[in-house]
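[1] sequence unknown, structure follows:
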């Protein structure tokens, strides 16, 4: 009898081989398409940028701007190979804005009220990258001080921040809101936070103002050396709005959590005060690819930096684009559009 199963077996083998080739072809297509899609997504998300050194103005030593800049520099070195952030200490926000507009630095941090008040000739060239975290206004005294409110500072030696700092700007407004002339009714000392803390510890100051993220290392260190107290300032919030000007509503009532400075007195007590947002700023002629990469680094580094600078934990993609009174830089816009769902 003839073996009729041979054609059947042959047909089965041919079909199996065809299926195998089809599967291999499909697998190759999946890899190619997947690779192209991955390349496209990578290309869309990571724009080319110029390599080399770019300068970043931070703030006073031991301040939050300074520490944030140090950590961001390390993150950028990994996330943007070939880019080196050179950090420049400064007096603070107003100094930073002057540095950016004159080309001394390409990036800086500044408070929204400082941006609104800045009147340098290069102001129209300022652009924002992101809204970062809020600074909290802090009036620091020794625990046994009779000062219970800002108006009690009359006649006392008070640290008011350096002349080009956001601290000095808001301190003058706070004193005016409290009914004091900042030039005549107190003995002003134009000091950065580190020097002010040292002088308070030595008894050379009666009080000092600070505007910074929580916690600020200089205040944490001070609270471990001497007993200090943070004076509430929330009663001045409404008066600050009246003095602010500049077309931007920068100040808001806020509460410092009880654990901001655990060693400060009274222990485990929240403090009602005023807060102002910080903006990461640049100039309109800074390369869009560089700005897009820095914007990505700022957002992506939130948890890494936030583990060491608690204020950075508040960097939020949902609020980062609210940079009033500055428009976003084109590079920052490209980043936010690229990740929009």
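    Looks like it came in fine. Computed from a predicted model, the values in this text were never measured in an experiment. Residues are numbered from 1 along each chain as shown.
[2] pLDDT of whichever strand or helix holds residue 133, averaged?
    Residue 133 belongs to strand 126-142 when assigned by DSSP states H and E. Mean pLDDT, strand 126-142: 96.
[3] can you name the next helix or strand after that strand?
    strand 157-159.
[4] give me the contact list for that following strand.
    186-189, 191, 195-196, 199-200, 204-209 (C-beta atoms under 8 Å, 6 or more residues apart in numbering). The way it works is simple: take the backbone N, C-alpha and C, and place the C-beta from them, glycine included.
[5] and the gap between residue 72 and residue 256?
    For residue 72, the distance to residue 256 (C-beta to C-beta, to the nearest Å) stands at 24 Å.
[6] one more: residue 118?
    27 Å.
[7] surely residue 206 meets residue 144?
    No - with contact defined as C-beta atoms under 8 Å, residue 206 and residue 144 do not form a contacting pair (11.4 Å).
[8] between these two, which has more neighbouring residues?
    residue 206 (22 against 8; other C-beta atoms under 10 Å).
[9] what's the distance between the more buried one and residue 47?
    Taking C-beta to C-beta, one finds residue 206 at 52 Å from residue 47.
[10] in stretch 105-119, what's buried?
    105-118 (16 or more other C-beta atoms under 10 Å).
[11] low-confidence stretches in the stretch 1-150 of the chain?
    Applying pLDDT under 70 to the stretch 1-150 of the chain picks out residues 1-46.
[12] which stretches of it form helices?
    5-45, 64-79, 93-101, 112-117 (DSSP state H, counting those that start in this stretch).
[13] contacts for the third one, please.
    The set of residues external to helix 93-101 that reach it, using C-beta under 8 Å, 6+ apart, is 57-59, 88, 90, 104-111, 114-115, 117-118, 120-123, 125-126, 162, 164-166, 168-169, 281-283.
[14] that's a helix at residue 198, yeah?
    Yes - assignment of residue 198 by DSSP: H, G, I helix; E, B strand; the rest coil places it within a helix.
[15] hang on, residue 260 in a strand?
    No - Residue 260: not assigned to a strand; according to three-state DSSP it is coil.
[16] pLDDT score for the nearest residue to it once chain neighbours are set aside?
    Closest residue to residue 260 apart from its sequence neighbours, by C-beta to C-beta, 6 or more residues apart in numbering: residue 214 at 4.6 Å. pLDDT, residue 214: 92.
[17] pLDDT below threshold where in the stretch 201-341 of the chain?
    Using pLDDT under 70, the flagged stretches of the stretch 201-341 of the chain are 244-248, 341.
[18] tell me where it has strands.
    Secondary structure of the stretch 201-341 of the chain, counting by DSSP state E, counting those that start in this stretch: strands at 207-212, 228-231, 252-256, 271-283.
[19] show me this protein divided up by domain.
    8-45, 52-134+278-338, 137-238+256-273 (automatic domain parsing).
[20] now the ones you listed in JSON lines, with distance to residue 250?
    Below are the domains of the chain laid out as JSON lines (distance: least, C-beta to C-beta, whole Å):
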{"stretch": "domain 8-45", "distance to residue 250": "32"}
{"stretch": "domain 52-134+278-338", "distance to residue 250": "4"}
{"stretch": "domain 137-238+256-273", "distance to residue 250": "9"}
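[21] what's the closest of those to residue 249?
    Distance to residue 249, taken as C-beta to C-beta, is lowest for domain 52-134+278-338 among those, at 8.3 Å.
[22] for the residue most central in space within the chain, give its distance to residue 70.
    By C-alpha atoms, centre = their mean, the chain has its centre lying nearest to residue 132, at 3.5 Å. Distance of residue 132 to residue 70, given as C-beta to C-beta: 15 Å.
[23] try residue 128
    In terms of C-beta to C-beta, residue 128 sits 22 Å off from residue 70.
[24] quick one, which of these two is more surrounded?
    Shown here are residue 128 and residue 70; by other C-beta under 10 Å, residue 128 has more neighbours (23 against 15).
[25] who's in contact with the more buried one?
    Residue 128 neighbours (C-beta under 8 Å, 6+ apart): 279, 280, 281, 282, 323, 326, 327, 328, 329, 332.
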